[in-house]
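model this:
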Amino acid sequence: MQGALTPQQIVDCMYRRDAFSQWLGIDRVEIDKGRAVLRMRVREEMCNGFGIAHGGIAFSLADSALAFAANSHGVKCMTTIASVQLFVPIRAGDVLTATTEEVYLGRKTATYLIRVYNHDNQQVALINGQVYRSDKAWTLEDCK
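Got it, this is the predicted structure:
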């Protein structure tokens, strides 16, 4: 496809428009077709009344990793199903890394596992997500 965007260009385009991922402070460590590795530091304002990170923080990091990995193939995708398992508490100051694994890539759907680890390399969450793959390709126009 002439003028096809690279996975990095697609994710850069998505990130520029993604105020929430920016608010989370996500660093894009690795981007490739079907793969994203993201990192972020948990801040005090992300913690709940128990002094631990709200469960949505790990899920949100994983959701961004899912979106970036799925869209990196060049077609616009959106999450249809996602579930999260939380294993250990996450605290302010923890550095989280989310890594995607593309389990299935079909014409209309794709499935991903996203593992989230803390800075001690302890798995803190596992997210299973499915996306719908549209017929719409990412273009340079989308990134303007």
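
who touches Lys76 in this structure?
134, 136-138 (CB atoms under 8 Å, 6 or more residues apart in numbering). Heads up, the C-betas are built off the backbone N, CA and C, glycines and all.

residues of the longest strand along the chain that come out buried?
For the chain, the strand that runs over the most residues, judged by DSSP state E, is strand 123-137. Buried residues in strand 123-137, counted by 16 or more other CB atoms under 10 Å: 124-131, 133.

alpha carbons of that strand, in CSV - could you do that?
Output in CSV follows, covering the C-alpha atoms of strand 123-137 (Å, rounded to 0.1, in the frame of the first residue of the first chain):
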residue,chain,number,x,y,z
GLN,A,123,3.4,-9.1,37.7
VAL,A,124,0.6,-6.9,39.1
ALA,A,125,-2.1,-7.3,36.4
LEU,A,126,-3.2,-9.4,33.4
ILE,A,127,-5.6,-8.0,30.9
ASN,A,128,-7.3,-10.0,28.1
GLY,A,129,-8.6,-7.8,25.3
GLN,A,130,-10.3,-8.2,22.0
VAL,A,131,-10.6,-5.6,19.3
TYR,A,132,-12.8,-5.1,16.2
ARG,A,133,-10.6,-4.4,13.1
SER,A,134,-12.4,-2.0,10.8
ASP,A,135,-11.8,-1.6,7.1
LYS,A,136,-10.5,1.9,7.5
ALA,A,137,-6.7,2.3,7.1
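
what lines up beside it in the sheet?
Under the criterion DSSP bridges, strand 123-137 sits next to strand 75-86 (antiparallel), strand 109-117 (antiparallel) in its sheet.

contacts for the helix or strand just after the first one, please.
It stands for strand 75-86. Later in the chain than strand 75-86, the nearest helix or strand by DSSP states H and E is strand 95-105. The contact list for strand 95-105 (CB under 8 Å, 6+ apart) reads 29, 34-42, 57-58, 61-62, 64-66, 68-69, 73, 90, 110-119, 124.

and the angle from strand 95-105 to strand 109-117?
160 degrees (axes from the mean of the first three to the mean of the last three CA atoms, to 10 degrees).
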